[in-house]
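Peer 1: Predicted model and sequence below, questions to follow.
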Amino acid sequence: MSIVKEIKPLIAAVLKDHYGFSTGETDLTINTTKPEFEGDYTLVLFSYVKQLKKSPEQLGNEIGDALIKAHPQLFVAYNVIKGFLNLTISDDYWRQFLKTNYNNQQFGFGQSKNQKVMVEYSSPNTNKPLHLGHLRNIFLGWSIAEILNRSGYETVKSCVVNDRGIHICKSMIAWQLFANGATPESTATKGDHFVGEYYVKFNDAYKQQVDELVAKGMEKAIAEKEAPIMKATQQMLLDWEKGDKDVLALWNKMNGWVYDGFGITYKRIGADFQKMYYESNTYLLGKQFVEAGLKEGVFFKKEDGSVWIDLTADGLDEKLVLRKDGTSVYITQDLGLADQKYDEFKYDQSIYVIADEQNYHMKVLKLILQKLNKPYAEGIFHLSYGMVELPNGRMKSREGTVVDADDMITEMVNVARTKTEELGKVKDFTTDELKELYDTLALGALKFFLLRVDPKKRMIFNPEESIDFHGFTGPFIQYTHARIKSVLRKAGDVSVNANIIETSEPILKLEKELIVLLEQYPVMLDQAIAEHNPSVIAIYVFNLAKSFNTFYTEHSVLNAETETKKQFRLMLSSLTAHVIASGMSLLGIKVPERM
RNA sequence: GGUCCGGUAGCUCAGUUGAAUAGAGCAACUGCCUUCUAAGCAGUAGGUCAUUGGUUUGAAUCCAAUCCGGAUCACCA
């Protein structure tokens, strides 16, 4: 149990015993004490001053006295400044914490929650390669699943591949028209990039045809429908739906190329899925909901035969759930897929990692399922994230302003190589070791960059400036880890005598700062889960690394003042390295032994 | 137009269940490598927390209005 959770009921008890004042533990405001004051944790007193008719100073002194008297093993000192009661926790408590956990590989992990959570993420289209926006999605989804997993939830990572529709047909038509049978192999191109090129070719040709028609005097809106290449694409979609053999063969072939390409990228960045869904299999789902919904009066039918739900009472609009020709729309298949997932996995929670442009859609999805009284409706959570934008606005694939995921990784690897060579610290590494280190640093920098920001906020990426390796970055934290490991290696295989710290001298300020932070790790995990927000972990691990570096510069571990100090600091360093490695692994980031 | 999200240092972001003098990183400037990794540390400078009003002992945080930016409201996906 965390120290704050431990303290709260003790304070509540004092308030009750001395003043007959009942307060919920959540009403107590306890913060870490600011470094300029004496103490570890601080109780804010203002809220009780009025009700108890005492001055903050008097109140603080009385509570402080009572706490020390009742729990001398826990509280050793206090001071009151203005309305703040600063409490000092005994060194014994911190030593005990360190002793219990310095070698505990499970530190921070939660007990089994007996709950299953599905996390759907990535969900790419098969007509173009992954870009920076996908990376944010993938890193977020993977990370939140990992955080849940380590905290005791059973997780199932899933992916819906958007493998059908007009956009896929565009690449297919363009390939038929312009490829002359070229393949990824024949052109030595990664499959997803290869197909993406034909998607671009389609758009170029389409634009040209529209311009020609407009030049001949046709109205633009009509020209956009009449362009021959567009008509051919629409015909192809119809043929696909009819199951035309040749079209299906081409579709399978081109999607296969894309999957090969995605596979390479997924493997490199560490993305994985336990369950794949393909839209070509799910796009007809959900029609049974329409029947049921009509019967229950949740949906209604218009004269033209289309089916709707009226959500105006919930502050939304009327939403179409079935076209007049009886075909499904997007929301219909999402209803069906939610149901299918539940059938298969009986999830307690289902998290959808989808960009915030679909906030409305996801709100409607959950609302409809609630109105249909689906047992799993409450467990649906949209992990909405902001778009990654360029300094001059959104990335547009048609305008060629997307930052390609593979290119981005390659560039980061180059930066990692350059910086490593400049510093020349790992000249004895083999080629393989160097390759691994560059990958570790490159992906560490990239993942940290995308995960350190609150998912809800849209973020700006400037391709002109490569991602930094100093300061609030992945490599800074990786460096700190390598540094600690270096010290631990030099210390040798010291089997730390945990008893030796029982009589140790006072814990110094910078040691205390570090140990207090370490103790908060499990609380951070809880917070990250409560907020569905991996940036909580990223910020925490950064602060931990920073705190270690300050300590490290000021105090020597191996040449500590006394042998007990040395033991204490080795344990402290060891736990710090472990929490850094553990926290970073929750973000999907590896930490090197040396760099 | 309706709904939702955002506006904090030159830049990128924390802080938003109200609490001490609003914090980091980058960029700028100044120091620190003969002892554990300087991808580091210490320091200087940089703020009308979009604006106005309100609630409160106390507001970047809550409420209202306004300004600015974005998303969304398709028989598109």
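Peer 2: Okay, I see it.

Peer 1: Verify the contact between A:Leu372 and A:Val298 for me.
Peer 2: Yes - using Cβ atoms under 8 Å, A:Leu372 makes contact with A:Val298 at a distance of 5.9 Å. Yep, even glycine has a C-beta here, placed from its N, CA and C like the rest.

Peer 1: Grab the nearest non-local neighbour of whatever residue of the stretch 51-200 of chain A ends up closest to RNA strand B.
Peer 2: Residue nearest to RNA strand B within the stretch 51-200 of chain A (Cβ to the nearest atom of the strand): A:Phe84, separated by 3.7 Å. Spatial nearest neighbour of A:Phe84, chain neighbours left out: A:Thr42 (5.1 Å); criterion: Cβ to Cβ, 6 or more residues apart in numbering.

Peer 1: Would you mind giving the secondary structure of the one you found?
Peer 2: Of the three states, A:Thr42 takes strand according to DSSP: H, G, I helix; E, B strand; the rest coil.

Peer 1: wait, what's in contact with the residue of the stretch 51-200 of chain A closest to RNA strand B?
Peer 2: Residues near A:Phe84 by Cβ atoms under 8 Å, 6 or more residues apart in numbering: A:Phe37, A:Thr42, A:Leu43, A:Val44, A:Leu45, A:Gly60.

Peer 1: Name the helix or strand for the last one, please.
Peer 2: Assigning secondary structure by DSSP states H and E places A:Gly60 in helix A:56-70.

Peer 1: would you list every one of the helices in the stretch 201-350 of chain A?
Peer 2: Counting by DSSP state H, counting those that start in this stretch, the stretch 201-350 of chain A has these helices, from start to end: A:220-226, A:228-242, A:245-269, A:279-282, A:287-296, A:330-345.

Peer 1: Verify the stated contact: the residue nearest to A:Phe84 with A:Leu85.
Peer 2: Yes - the pair A:Thr42 / A:Leu85 is scored as a contact, 6.6 Å apart, by Cβ under 8 Å.

Peer 1: more crowded one of these two?
Peer 2: The residue with more neighbours, out of A:Thr42 and A:Leu85, is A:Leu85; 26 against 21, by other Cβ atoms under 10 Å.

Peer 1: Show the backbone phi and psi for the more buried one.
Peer 2: When quoted as degrees, to the nearest 10, the phi and psi of A:Leu85 stand at phi -100, psi 110.

Peer 1: Could you pull up the residues touching it?
Peer 2: Contacts for A:Leu85 (Cβ under 8 Å, 6+ apart) come out as A:Thr42, A:Leu43, A:Leu45, A:Leu59, A:Gly60, A:Ile63, A:Gly64, A:Tyr78, A:Asn79.

Peer 1: Which pLDDT value belongs to the third one?
Peer 2: It stands for A:Leu45. pLDDT, A:Leu45: 91.

Peer 1: quick one: the residue in chain A that RNA strand B sits nearest to from A:Ile484, how far?
Peer 2: Closest contact between chain A and RNA strand B, by Cβ to the nearest atom of the strand, is at A:Gly471 (2.0 Å). Here A:Gly471 is placed at a distance of 19 Å from A:Ile484 (Cβ to Cβ, to the nearest Å).

Peer 1: separation between A:Thr440 and A:Ile173?
Peer 2: For A:Thr440, the distance to A:Ile173 - Cβ to Cβ - is 42 Å.

Peer 1: just to revisit the earlier point, can you give me the neighbour number for the residue of chain A closest to RNA strand B?
Peer 2: 9.

Peer 1: what about it, which SS state?
Peer 2: Per three-state DSSP, A:Gly471 ends up coil.

Peer 1: Phi first, then psi, for A:Val426.
Peer 2: phi -120, psi 40.

Peer 1: What helix or strand is the closest residue to it other than its chain neighbours located in?
Peer 2: Excluding its sequence neighbours, the residue lying closest to A:Val426 (Cβ to Cβ, 6+ apart) is A:Arg594, at 6.0 Å. For A:Arg594, there is no enclosing helix or strand under DSSP H and E.

Peer 1: where does the residue of the stretch 51-200 of chain A closest to RNA strand B land on pLDDT?
Peer 2: 93.

Peer 1: sorry, back to before: so after the helix holding A:Gly60, what's the next helix or strand?
Peer 2: Helices and strands here follow DSSP H and E; after helix A:56-70, the next one along the chain is strand A:75-81.

Peer 1: partners of that next one, with directions?
Peer 2: In the sheet, strand A:75-81 lines up against strand A:84-89 (antiparallel) (DSSP bridges).

Peer 1: I'd like the next helix or strand past the strand it pairs with.
Peer 2: Using DSSP H and E, the first helix or strand after strand A:84-89 is helix A:91-101.

Peer 1: about what we covered before: got JSON lines for the helices of the stretch 201-350 of chain A, with mean neighbour count, distance to A:Lys190 and mean pLDDT too?
Peer 2: JSON lines is the format used below for the helices of the stretch 201-350 of chain A (neighbours: other Cβ atoms under 10 Å; distance: least, Cβ to Cβ, whole Å; pLDDT from 0 to 100):
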{"stretch": "helix A:220-226", "mean neighbour count": "13", "distance to A:Lys190": "32", "mean pLDDT": "87"}
{"stretch": "helix A:228-242", "mean neighbour count": "16", "distance to A:Lys190": "24", "mean pLDDT": "93"}
{"stretch": "helix A:245-269", "mean neighbour count": "17", "distance to A:Lys190": "5", "mean pLDDT": "96"}
{"stretch": "helix A:279-282", "mean neighbour count": "18", "distance to A:Lys190": "23", "mean pLDDT": "91"}
{"stretch": "helix A:287-296", "mean neighbour count": "16", "distance to A:Lys190": "38", "mean pLDDT": "87"}
{"stretch": "helix A:330-345", "mean neighbour count": "19", "distance to A:Lys190": "29", "mean pLDDT": "93"}
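
Peer 1: among those helices, which is nearest A:Gly108?
Peer 2: helix A:245-269 (24.0 Å; Cβ to Cβ).

Peer 1: tell me the angle that closest one makes with helix A:228-242.
Peer 2: 90 degrees (axes from the mean of the first three to the mean of the last three Cα atoms, to 10 degrees).

Peer 1: ok, and what's touching helix A:245-269?
Peer 2: With Cβ under 8 Å, 6+ apart as the criterion, helix A:245-269 contacts A:122, A:124, A:126-127, A:129-130, A:135, A:138-139, A:163-164, A:168, A:171-172, A:175-176, A:183-184, A:190-195, A:236, A:239-240, A:271-272, A:405-406, A:409, A:439, A:443, A:447, A:588.

Peer 1: Tell me which residues touch the closest residue in space to A:Thr332 that isn't next to it in sequence, please.
Peer 2: Closest residue to A:Thr332 apart from its sequence neighbours, by Cβ to Cβ, 6+ apart: A:Gly286 at 3.9 Å. Counting by Cβ under 8 Å, 6+ apart, A:Gly286 touches A:Ser328, A:Ile331, A:Thr332, A:Gln333, A:Asp334, A:Leu335, A:Gly336, A:Leu337, A:Asp339.

Peer 1: I'd guessed the fourth one sits against A:Ser280; true?
Peer 2: No - the pair A:Gln333 and A:Ser280 does not pass the contact test of Cβ under 8 Å, sitting 10.9 Å apart.

Peer 1: one step back: packing partners of the helix holding A:Gly60?
Peer 2: helix A:3-19, helix A:46-52, strand A:75-81, strand A:84-89 (3 or more Cβ pairs under 8 Å, 6 or more residues apart in numbering; DSSP states H and E).

Peer 1: Averaging pLDDT over each of the ones you listed, report the lowest-scoring one.
Peer 2: When I compare these, helix A:46-52 is least confident, with a mean of 82.

Peer 1: mind saving the C-alpha coords of that one as CSV?
Peer 2: Only the C-alpha atoms of helix A:46-52 are listed here, as CSV (Å, rounded to 0.1, in the frame of the first residue of the first chain):
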residue,chain,number,x,y,z
PHE,A,46,-7.5,25.4,5.1
SER,A,47,-10.7,23.4,4.5
TYR,A,48,-11.0,22.5,8.2
VAL,A,49,-10.1,25.9,9.7
LYS,A,50,-13.6,27.4,9.4
GLN,A,51,-15.5,24.4,10.6
LEU,A,52,-13.3,23.7,13.5
